[in-house]
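>>> following is a predicted model, sequence given first.
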Amino acid sequence: MIDYLVSVLTEGSIFAIMALGLNIIWGWSGDFDLAFYGYVALGAYMTLVLTIGPATSPTTYILGLSLPFPIAVAIAVISSMLLALIVGAIALRHLRGIYFSIVTLGAVYVLYTFAGQFVPLFNGYNGLSGLFDPMGDFFNLDFTSYPFFYLGLCVAVLLVVLFLVTRLSGSRFGLALRSLREDERAAAAFGRGIYVMKLKAYVIGAGIGGLGGALFAGYLSAFNPSAWSPVETIVLYAAILVGGRGSNRGVVLGVAVMVMGLQEATRYLPEIANQPSFAPALRLILTGVILVLFIRFRPQGLLPERRLRDKDPAGTGGAAVAVEGSVAGATLDTGAA
Amino acid sequence: MHEALLTLGFGLVTAAILSLSALAFTLEYSVTNVANLSHGEILTVGAYCAYLVQQHGGGVILSGLAAAAGGGLLALAVHNGVVDRFVRRGIGGLPTFIATLGVSLVIQNILVIIFGAANLGYTVPQGAPRTVGPFLWTDTEIQIMVSAVVITALLYVIIQHTRFGKSLRAVSQNRSLARVSGINANRVAALTWLLAGLIGGYAGFILAESVGTFSPYSGFSFFLITLTAAVAGGLGKAVGTLVGGIIVGIALEFFGGYLSASYNLAFAFAILSLVILVRPRGLFVGGRRSVFE
C-alpha cells in the first residue's frame, strides 16, 4: 500500500512539473502547443543516453555516456530548450490560433516518427532502458529506501519549480505575457516585443517540460515511443483546464485531480477478461468528457487565475486606454480580414 | 518512365480517398469555422460499420452505404452535441478546436473498448490487376476512384445548383448575414455536417478497402494527412481542397515509393508546415474563384 502511494505521488509530482511548464505556454502566453510532449520526450531520451553508457549490440543509440544524473538532467533540459527554440522560432513568427496548433502537431509527429523509425538515434520503437535508481549508489540507498528518496527528490524539484514559476508569474514578464494573451494588438501598441516574449515563454516552458521528462526517465528507468504518444499532451491540457488555466496552484490541483484522482477512481474496476486496455481506455474517455465539459461550463477551472485589480481605481486613464486599445484591435482585425 | 506511371496510378487511388476526406473536413469547417479534430474518427467509425456489415455477409455496396450512414450519424451527433452548442454560445474557434480533440479521444477509446486496440483485417476480393492505359489497377481500386469522382460531382451539383447549396454557401460566407436573410443557419450547418459525415464515413470505408487493415487509431493518422491536403488547398474552400488532396495524395505515393514509406507522415507534415508558413491561406488563393468565395 505504501509502495503504491509512493509511486502515485512520485508520478503526480513529475506530471505537475510538466503541467507547470505547459501552463506558461498555454496559460500565460495563450498558445495551444501540441508539440509539448516532444520536449518532455527529448528530456527523457537525453537523460537516458547520457547516463546508461555505451550501446551494446543489437541496441543502437547516440552518445552513450555515463555522466552523473544531475549533469545529464541539466544537459537534457538544455536540449529541450534548444529544440523548442527552433520549433518556436518558426511557428511563433506569424502563426496564431489553430494554425500554430497544426504546425506544432506536425512538429511532434515528425519527432515521433524519427524517434520510432530512425533506429541509430534512440533505438527506434524498442526504446532505451537501463537507468536504475539514479544517484542511489551515491547516497548508499537500497531498493526499499530508494523509492522514498526519489519521491523526495521529485517533490523538492516540484517545489523549486513552483517557487520560481510563481515568482515569474508576478514579474513584469509574467504580466506582460498575459497582456499578449488577452489582446496581442493592444500589447504591441504599448510597445511589447510580441515575438521575442512569446518565444522566451515557449523556451522556458519547454525547458520545464524537459526537466519533467528527465525525472520521468529516472522514475521509469526506460523510455520508448509508446510512452509518449501525442495523446499524453491532451491529458496535461485537461489537468491545466480543470485546475485553472494560468494559475500555478490550480495546475497542481488539476494534476492531482486528473492524473492521480482518475488513476485511483479507475483502479478498482473489475478486470475484464481479454480486455487489458479497458481501464486505460475508460480513463481516456473520462479525460475527454471532462475536457469538453470544462471548456463549455467552467473554462476558468476549479481554482481560477486571480485577475489583477486596478491599483488606482480613482484614475480613469487605465480604463480609457484599455477601451481604445480594443477598438484599435477591432479595426485592425477587420482590415486584415 | 513506366515505373513512374505505375506510381502515379497508385497515387491517384490515394488521392481519391484523400480528396473525399479533405472535402468532408472542409465542409465542416466552412459552415462552423471549427477545425474538427475528431474528423478522423468519422472515417474510423465508417470503417468499423463497413466491417460489421461485411462480417454479417453484406456485399460491397451495402458495406459502403453502412459506412456512409455511420459516419453521417456520428458527424451529426458531434455537431449537435458539441460543436453547435459551442458555436452558438460564442465560444471561440480555438476552445472549440480543443473540445473536438477531447471528442476524438472519447470516440477512439470507446472503439478500443468495443473492438480492442489491435488491427482488424478488412479483406475484399481485389480482382486481378488490369492494365488501363499506362496504369495498373485492381477492380477495387477502380471502384474507389470512380466512386470518388461521382461523389465529388454530386457534391458540386448540390453546392452550386440546389437551394440547400445556396444556403450552405451563404452560411459559410457570413453566418449572421445569412440568418438575418431568413436562412436557418443551425439547420444548414447540421445538414452540412451530416453531408460531410456521409462522405467521410465512405472515405473511411474505401481507406480500409485499400489498406486492408484498420484500428481505432487509423482514422486519426489519416486525418493528419487530410489536414495537410485541406490546409494546402485553403481551409473552407472546396475546389482548392480537392486540388490539394490530389496533389498531396500523389506526392505521398511518390515519396513513399522512391524514398521511404515509414516517413510518409513526417513528409506530409513537412509539406503542411511549409504551406502554412509560406501561403497560410492556401496555395490557390488569388487564382480562379473557388466554390465558397
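Structure's in. What do you need?
>>> with adjacent residues omitted, what lies nearest to A:V73?
For A:V73, ignoring the flanking residues on the chain, the nearest one in space by C-beta to C-beta, 6 or more residues apart in numbering or on different chains is A:A214 at 4.3 Å. In this view, the C-beta of every residue, glycine as well, is placed from N, C-alpha and C.
>>> with chain B as the reference, measure out to that neighbour.
According to C-beta to the nearest C-beta, to the nearest Å, A:A214 stands 25 Å off from chain B.
>>> got a list of what B:N80 touches?
Contact analysis of B:N80 by C-beta atoms under 8 Å, 6 or more residues apart in numbering or on different chains lists B:A190.
>>> re earlier: the residue nearest to A:V73 is in contact with A:V77, isn't it?
Yes - A:A214 lies in contact with A:V77 (C-beta atoms under 8 Å); the separation is 6.7 Å.
>>> what's the helix or strand for the residue of the stretch 51-200 of chain A found nearest chain B?
Chain B sits closest to A:G106 of the stretch 51-200 of chain A, with a gap of 3.4 Å, by C-beta to the nearest C-beta. Remark: A:G106 resides in helix A:97-117, with elements defined by DSSP states H and E.
>>> for the stretch 51-200 of chain B, what lies in contact range of chain A?
Contacts of the stretch 51-200 of chain B with chain A, taken as C-beta under 8 Å from any C-beta of the partner chain, map to B:82, B:85-86, B:89, B:91, B:93-99, B:101-106, B:108-110, B:112-113, B:116-117.
>>> re the thing from before, shared neighbours, A:A214 and A:V77?
What both A:A214 and A:V77 touch, as defined by C-beta under 8 Å, 6+ apart, is the set A:G43.
>>> gap between the residue lying closest to B:R175 once chain neighbours are set aside and A:T166?
Residue nearest to B:R175 in three dimensions, not counting chain neighbours: B:A185, with 5.3 Å by C-beta to C-beta, 6+ apart. Applying C-beta to C-beta, to the nearest Å, the value for B:A185 to A:T166 is 46 Å.
>>> looking at these two, which one has more neighbours?
Taking neighbours as other C-beta atoms under 10 Å in any protein chain shown, B:A185 and A:T166 compare with B:A185 leading, 22 against 14.
>>> and residue 140, what pLDDT?
Went with chain A since none was named. For A:N140, the model assigns a pLDDT of 79.
>>> wrong one, chain B
The model reports B:T140 with a pLDDT of 88.
>>> repeat that for the one 3 residues further on.
The model reports B:Q143 with a pLDDT of 90.
>>> before we move on, what about B:R289?
For B:R289, the model assigns a pLDDT of 41.
>>> what does B:G245 give?
According to the prediction, B:G245 has pLDDT 91.
>>> need the three-state assignment for it.
helix (DSSP: H, G, I helix; E, B strand; the rest coil).
>>> what about the spatially closest residue to it that is not a sequence neighbour, distance to B:T7?
Excluding the flanking residues, the one nearest B:G245 by C-beta to C-beta, 6+ apart is B:S19, at 3.3 Å. To B:T7, B:S19 is 18 Å away according to C-beta to C-beta.
>>> may I see the buried residues of the helix or strand harbouring A:Q263?
Using DSSP H and E, A:Q263 maps to helix A:262-265. Using 16 or more other C-beta atoms under 10 Å in any protein chain shown as the test for burial, helix A:262-265 gives A:L262.
>>> that one - contacts with which helices or strands?
helix A:278-297 (3 or more C-beta pairs under 8 Å, 6 or more residues apart in numbering or on different chains; DSSP states H and E).
>>> higher neighbour count, A:A214 and A:V77?
Each of A:A214 and A:V77 has its neighbours counted (other C-beta under 10 Å); A:A214 has more, 34 against 24.
>>> which residues touch that one?
A:43-44, A:46-47, A:72-73, A:76-77.
>>> which of those residues tops the neighbour count?
A:G43 (33 neighbours).
>>> that older thread, compare B:S19 and B:T7 and say which is more crowded by neighbours.
When B:S19 and B:T7 are compared on other C-beta under 10 Å, the one with more neighbours turns out to be B:S19, at 28 against 18.
>>> so how far is chain A from the more buried one?
From B:S19 to chain A the distance is 19 Å (C-beta to the nearest C-beta).
>>> now swap in B:Y29 and tell me
According to C-beta to the nearest C-beta, B:Y29 and chain A sit 10 Å apart.
>>> can you tell me the closest non-neighbouring residue to that residue?
Spatial nearest neighbour of B:Y29, excluding adjacent residues (C-beta to C-beta, 6+ apart): B:G236 at 4.8 Å.
>>> before we move on, back to that, hang on, the residue nearest to A:V73 in a helix?
Yes - assigned with three-state DSSP, A:A214 falls within a helix.
>>> from A:T51, how far out is it?
As judged by C-beta to C-beta, A:A214 and A:T51 stand 10 Å apart.
>>> what do you get for B:E253?
From B:E253 to A:T51 the distance is 42 Å (C-beta to C-beta).
>>> buried ones in stretch A:252-272?
Quick answer for stretch A:252-272 (16+ other C-beta under 10 Å): A:252-262.
>>> skipping adjacent residues, who's closest to residue 258 in space?
Just so you know, I chose chain A. On the basis of C-beta to C-beta, 6+ apart, the spatially nearest residue to A:M258 that is not a chain neighbour turns out to be A:A239, at 4.1 Å.
>>> the intended chain is chain B.
B:T7 is the one closest to B:Y258 (C-beta to C-beta, 6+ apart), at 7.6 Å.
>>> neighbours around residue 280, how many?
Using chain A here. 14.
>>> that's the other chain; I wanted chain B
By the criterion of other C-beta under 10 Å, B:P280 has 15 neighbours.
>>> correct me, but it touches A:R93?
No - contact criterion C-beta under 8 Å: B:P280 and A:R93 do not qualify, at 11.1 Å.
>>> now do the strands in the chain.
Reading this off chain A. Counting by DSSP state E, one finds strands in chain A at the ranges A:128-129, A:222-223.
>>> my question was about chain B
B:120-121, B:130-132, B:135-137, B:213-214.
>>> okay, those in CSV with mean pLDDT next?
Formatted as CSV, these follow (pLDDT from 0 to 100):
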stretch, mean pLDDT
strand B:120-121, 89
strand B:130-132, 82
strand B:135-137, 85
strand B:213-214, 91
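>>> these: which one's closest to B:L155?
Using C-beta to C-beta as the measure, strand B:135-137 is the one of the strands of chain B that comes nearest B:L155, at 23.4 Å.
>>> now do the closest one: distance to the chain's middle.
With C-alpha atoms, centre = their mean, to the nearest Å as the basis, strand B:135-137 stands 24 Å off its chain's centre.
>>> just checking: what are the partner strands of it?
strand B:130-132 (antiparallel) (DSSP bridges).
>>> residues in contact with the strand it pairs with?
B:136-139, B:142.
>>> filter these down to the buried ones and hand me the ChimeraX line.
The buried residues among the contacts of strand B:130-132 can be selected in ChimeraX (16+ other C-beta under 10 Å) with this line:
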select /B:137,138
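>>> looking at the contacts of strand B:130-132, spot the one nearest A:V155.
Closest approach to A:V155 among the contacts of strand B:130-132 (C-beta to C-beta): B:T138, at 60.5 Å.
>>> and that closest one, backbone torsions?
Backbone torsions for B:T138, taken as degrees, to the nearest 10, come to phi -90, psi 170.
>>> these two touch, right, it and B:V124?
No - between B:T138 and B:V124 there is no contact under C-beta under 8 Å: 9.7 Å.
>>> contacts only, for B:A178.
For B:A178, the contact set (C-beta under 8 Å, 6+ apart) comprises B:167, B:170-171, B:185, B:188.
>>> mind checking which of these land in helices?
With helices taken from DSSP state H, the overlap with the contacts of B:A178 comprises B:167, B:170-171, B:185, B:188.
>>> okay, the closest residue to B:S104 other than its chain neighbours: pLDDT?
In space, and not counting its chain neighbours, B:S104 is closest to B:S38: 3.9 Å by C-beta to C-beta, 6+ apart. What the model reports as pLDDT for B:S38 is 94.
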